[in-house]
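*Asks:* Model the structure of this input:
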Amino acid sequence: MARTALLRHLPRPPQSMSSFSQPFSVLSLEEAGTQIHAGRSAPGECTYDYIIVGGGTAGCYLTSRLSLSEDSWADRVPLISSKPYRDGTPILCGKALGGTSAINCMFYTRGPPGDHNRWEELGNPGWGYKDLEPYFANSPSVPAACYVRHDVSQDGSMRRHSPFHAFLPAKVVQERRGRLSICTNALVTRVELATGDAKGVQATGVRFQATDFRKAGKTYNARARREVVLCSGALGSPQILFLSGIGPKAHLEEKGIPVVRDLPGVGEHLQDHIVAPLTFEVPMADSPHELEASPLKVVKELTAHLFTERSLFSYPPLPGSHHDCLDLQIMPAPNNCTDHDIPRAGLFTLIVGLVRPRSRGRVRLATRNPCARPDVTLGFLCDARDFSLMRKGMRLALALATDMRAQGYPLSPLNVPDGAVDDDARANVRTCYHYTSTCRMGAEDAPGVVDAALRVHGLRGLRVYDTSVFPVIVGARTMPPAVVVAEKRADMIKEARREE
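*Replies:* Below is the predicted model:
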């Protein structure tokens, strides 16, 4: 029986983050790996067929697929997930199984096919929309291209689902405990690489330690017979590659890390959706914030939702374009979308967003200490074309607000530009937590980090399956394409196993 391990890799978080107790048992570090003494592992090392490093969107889905038992092919999986960081703009990541999907609305927007056709045009065969549409269409309740809100992502108990709850619920984990192992509160310090083989560098496992300072000094090793898969996100996956000696030679040498593979693309091309919220005060009766002030309103809306499906909690799917790839969106949101608490006020926000930003940031190591947060430069509006478009978008949003007031609606400015749109555009932009493209697919000289099969260039047994492999960011939320990346690769792995 093949065994798969899912290791939940957790660098020290930058701010308070979501966390919850598990409804099932998880492995301790001693059970998931073998403790290393004097630089060497003890006999009887813990060995798995696949080790998945990361318990976010892609990690949860891939673990669920690889731990299925089909056609005499089964896997046992340990789980590690990674989350970081900041450079002036708050950078939050979910400290929980399910990753950042657990803290970021769980909207499910797939976007237009043109996004994925662009991936294929950039030299990645098999990643065009015609290849990915069957995976998007696996959700029977919605069309393949759409924008889906909370009512579709909720279950029958009206609970929104992160990928953890959707793909690794307690029942599934219990049923597969003979071939699925989950280890949380672990920090992966590097991928173990063997360089003596004539076939080249081979990933053989991972080294990890506890996130609990009371267990400091203990290091563990787990071996992988087939593959190590990084699913630690666009901030965590490049950090692990750096610590393993994979990345730009000059940067690794600067940090005193022996260079195993010089890959200049690692950590480069960081993208995120750039937004600027314009906040207004509205009558409390028109705002969902009334729910915070009125328990009676909560009961009324819940009752209406349960019996009529028409309430503040219900939204229909919105059909998406199959061809248009827009650059700008203005999202009306009946709530506070700033990073500031505005108590006991009815709020309405016009969110100006760049869905295809040209600006790029990057991820680098701050130190060679794996417990340290990496240096993250978001690079917002560093491309003049982004700044020009954001400025136009904010002016359009202000014009919409003016028109609403002219029609008699009581819309009072709270946090909006006061004649200095240029200054406000730079001061109030914020992240959407949609980080991508730091280990992107493409030719090594592009520079890419993984090939179209998501194998790290120049290494065997090491792949990356998360949003970091996106060649360019998509014009939609990143959770659905992250699931598709994991699902497509799971099918490829299964097919390869059947052919052995």
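*Asks:* which residues of the stretch 201-350 of the chain fall in helices?
*Replies:* 233-243, 249-254, 290-293, 295-308 (DSSP state H, counting those that start in this stretch).
*Asks:* Which one of those has the poorest average confidence?
*Replies:* Across the helices of the stretch 201-350 of the chain, helix 290-293 has the smallest mean pLDDT, namely a mean of 64.
*Asks:* pLDDT weak spots in the stretch 51-200 of the chain?
*Replies:* In the predicted model, the stretch 51-200 of the chain carries pLDDT under 70 at residues 55-109, 137-170, 172-178, 196-198.
*Asks:* no, scratch that, I was asking about the stretch 201-350 of the chain
*Replies:* Confidence mapping of the stretch 201-350 of the chain against pLDDT under 70 gives the ranges 289-294, 297-298, 301, 305-325.
*Asks:* Strands along that one, start to end?
*Replies:* Taking DSSP state E, counting those that start in this stretch to define them, one finds strands in the stretch 201-350 of the chain at 201-210, 219-230, 246-247, 261-262, 274-282, 318-319, 328-333, 346-354.
*Asks:* hey, which of those strands is tucked in deepest?
*Replies:* Neighbour counts (mean count of other CB atoms under 10 Å) averaged over each of the strands of the stretch 201-350 of the chain peak at strand 246-247, with a mean of 30. Using the backbone N, CA and C atoms, a C-beta is placed for each residue, glycine as well.
*Asks:* what residues does it touch?
*Replies:* Val191, Pro238, Leu241, Val260, Arg261, Asp262, Leu263, Pro264, Val266, Gly267, Val456, Leu459 (CB atoms under 8 Å, 6 or more residues apart in numbering).
*Asks:* Now the two most distant members of those residues.
*Replies:* Val191 and Pro264 (18.7 Å; CB to CB).
*Asks:* which of those two has more neighbours?
*Replies:* Counting neighbours by other CB atoms under 10 Å for Val191 and for Pro264 shows that Val191 has the greater number, 26 against 17.
*Asks:* So what pairs up with that one in the strands?
*Replies:* On the basis of DSSP bridges, Val191 is bridged to Val206.
*Asks:* Just to check, it is in contact with Ala203?
*Replies:* Yes: taking contacts as CB atoms under 8 Å, Val191 lies within contact range of Ala203: 5.3 Å.
*Asks:* Leaving out chain neighbours, which residue sits closest to Leu400?
*Replies:* Leaving aside its chain neighbours, Leu400 sits nearest to Leu350 (6.5 Å; criterion: CB to CB, 6 or more residues apart in numbering).
*Asks:* beta partners of the one you found?
*Replies:* In this entry, Leu350 is beta-bridged to Leu278, Pro332, by DSSP bridges.
*Asks:* surely it meets Val282?
*Replies:* No: contact criterion CB under 8 Å: Leu350 and Val282 do not qualify, at 11.7 Å.
*Asks:* is it fair to say Ala401 lies in a strand?
*Replies:* No: read with DSSP: H, G, I helix; E, B strand; the rest coil, Ala401 is helix and lies in no strand.
*Asks:* before we move on, the earlier item: is it possible to export the strands of the stretch 201-350 of the chain to JSON lines including distance to Lys255?
*Replies:* Output for the strands of the stretch 201-350 of the chain, formatted as JSON lines (distance: least, CB to CB, whole Å):
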{"stretch": "strand 201-210", "distance to Lys255": "17"}
{"stretch": "strand 219-230", "distance to Lys255": "19"}
{"stretch": "strand 246-247", "distance to Lys255": "9"}
{"stretch": "strand 261-262", "distance to Lys255": "14"}
{"stretch": "strand 274-282", "distance to Lys255": "29"}
{"stretch": "strand 318-319", "distance to Lys255": "46"}
{"stretch": "strand 328-333", "distance to Lys255": "39"}
{"stretch": "strand 346-354", "distance to Lys255": "32"}
